[in-house]
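Asker: 3D model of this:
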Amino acid sequence: MIFTAGVITISDRASAGIYEDKSGKVLVDLLKDFDFEVKKYEIISDDFDKIKEKLIKYSDEEISLILTSGGTGFAQRDITPEASLAVFDKRCPGISEAIRNQSAKITPMAYLSRAEAGIRNKSLIINFPGSPKACRENFEIIKSFLIHGLETIAGIDRH
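Answerer: As a prediction, this is how the structure comes out:
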C-alpha cells in the first residue's frame, strides 16, 4: 500500500520569505524516497490557530502521515507541540521518546526538543525540528517502525 503524506514547515521567517525552507524540502524528498505520495507541502507562520487549522485540514483529508518541521524548541514563538497536542485524539509518546533518545547519541541538545507525536482520525502526526540535518537523522530513526504504525492506524491487519 502506498501511503499519503503532507509536510508543514512552521517558521515565521520562512513563511515571510526571509529565508528558504530547507527542512520541509528535505522531509518531502525523504518521504518520496520512502515511496510516500506527498500530497501537500506548505510553509506557515508560528501561529497556534494556523497550525491547528492545517493539522485538522490534512487529517480530515485522511493524509496518512503529517510531518511538521520547526517550532519544537524553547523559543518564545515555538508552539508547534502545543498546537499539535490540541488536535490529537491519541498521543504517541514512544515515537518522540525514540527520536530524542537516538538523537541524543548525536547531540545532547536533542533532549531540549519538545516535539510530540500523535494520531488524529486516521493520520499520524509527528513534529520534527527545523534543521535539515536533524530532519534526516530523525526520519532515519522512525523508518523501522513507521509503516507498521501507519498500517495499524489504517486498519490493515498483518497478524
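Asker: C-alpha only now, for contacts and for neighbours.
Answerer: OK.
Asker: Which stretches in the chain count as strands?
Answerer: Applying DSSP state E to the chain gives strands spanning 4-10, 37-44, 65-69, 90-91, 117-120, 123-128.
Asker: list the helices and strands the shortest one packs on?
Answerer: It stands for strand 90-91. With contacts defined as 3 or more C-alpha pairs under 8 Å, 6 or more residues apart in numbering; DSSP states H and E, the packing partners of strand 90-91 are strand 117-120.
Asker: Could you give the average pLDDT over the strand it packs on?
Answerer: For strand 117-120, mean pLDDT rounds to 98.
Asker: Centre-most residue in this structure?
Answerer: Per C-alpha atoms, centre = their mean, the C-alpha nearest to the average position across the chain is that of Leu67, at 2.4 Å.
Asker: what helices or strands is the lowest-mean-pLDDT helix or strand in the chain leaning on?
Answerer: When the helices and strands of the chain are compared on mean pLDDT, DSSP states H and E, helix 12-15 comes out lowest with a mean of 95. Contact partners of helix 12-15 among helices and strands, from 3+ C-alpha pairs under 8 Å, 6+ apart: strand 37-44.
Asker: And the spatially closest residue to Ala110 that is not a sequence neighbour, how close does it get to Leu67?
Answerer: In this structure, Ala110 finds its nearest non-sequential neighbour in Ala104, 5.1 Å apart by C-alpha to C-alpha, 6 or more residues apart in numbering. In this structure, Ala104 and Leu67 are 20 Å apart, going by C-alpha to C-alpha, to the nearest Å.
Asker: One more: Glu20?
Answerer: The value you get for Glu20 to Leu67, if C-alpha to C-alpha is used, is 18 Å.
Asker: gap between Glu151 and Met1?
Answerer: Between Glu151 and Met1 the computed distance is 9 Å (C-alpha to C-alpha).
Asker: Those two: which has the busier surroundings?
Answerer: Glu151 (15 against 8; other C-alpha atoms under 10 Å).
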